[in-house]
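K.L.:
Let me see the structure of the following:
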Amino acid sequence: MINYSVCKKRYFCKIITFISKKLIQKLFSIAYFPPIDYLLEMKNADRVFLEAFENYQKQTYRNRATILTSNGLYDLIIPVIRSSVKQIKEIRIDNSVAWQRNHWKTIESAYNHSPYFLYYRDFFEPHFQKKYIFLFDFNMELLYLLQELFKITNPIILTLSFDIQPENMEDFRDYFIPKNRTFRPKRMQYQQVFSDRCDFLKNLACIDYLFTTGTVF
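P.N.:
Presented below is the predicted three-dimensional model:
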């Protein structure tokens, strides 16, 4: 005989447990080949929001990525057109400079001898051959690719307006800053391409991890 009172208690316990579990929501700015910590935070979220209405900020990962070359750390910087426009979605790339060719040659030179560069190069090279007008569009296409390669299943939700202090979500829009790269906690360590020449360097562009380990977290 079924004890309905026990079933009801179990049912309500499940409801209470479900309600009490808060969704982990995180808000990010766009980034060009973001640091590995950026993707780790993204993967460890229930909902991922991307800021689409902020003002563009110079000297951030919004238009730069840090890789390791034979000469040490190197910043790949996407040139943007100076104008009175400030909103991130309206920032135009300065294609009068052959930045795509230069960036890809630098990446190729730095990682050509890494264990998995040849495997992954075909995923990335087309993005350096296609012309983009807006920085936001270029970064978004790369971010969708990185989601796929790193097996991040959380869909990206673009914000509908700018909120200085967003509620019920962790704000990572200004957390990942190049000048503070070495001061954040080290979460994972792996053998880098030039490990015979220098100590482990934290939070390089995510492609450094991908090309050298060939794995996803």
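K.L.:
And the pLDDT at K8?
P.N.:
K8 carries a pLDDT value of 49.
K.L.:
again, but for K14
P.N.:
Looking at K14, the pLDDT reads 46.
K.L.:
So which residues of this structure form strands?
P.N.:
Residue ranges of the strands in the chain, as given by DSSP state E, are 25-28, 47-50, 64-69, 72-77, 156-158, 170-171.
K.L.:
quick one: the helices in the protein?
P.N.:
Taking DSSP state H, the helices of the chain run over residues 4-20, 36-43, 99-111, 117-124, 135-149, 206-213.
K.L.:
P79 is in contact with V97, correct?
P.N.:
Yes. V97 lies in contact with P79 (CB atoms under 8 Å); the separation is 4.9 Å. Heads up, the C-betas are built off the backbone N, CA and C, glycines and all.
K.L.:
rewinding a little: need the strands of the chain in TSV with mean neighbour count and mean pLDDT, can you?
P.N.:
Below are those laid out as TSV (neighbours: other CB atoms under 10 Å; pLDDT from 0 to 100):
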stretch	mean neighbour count	mean pLDDT
strand 25-28	20	96
strand 47-50	20	96
strand 64-69	19	93
strand 72-77	15	93
strand 156-158	13	95
strand 170-171	15	94
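K.L.:
which intervals of this structure have sub-threshold pLDDT?
P.N.:
The chain contains residues with pLDDT under 70 at 1-21, 180-188, 195-197, 217.
K.L.:
give me phi/psi at the residue nearest the centre of it?
P.N.:
Nearest to the geometric centre of the chain sits P34, at 3.8 Å (CA atoms, centre = their mean). Backbone torsions of P34, given as degrees, to the nearest 10, read phi -60, psi 160.
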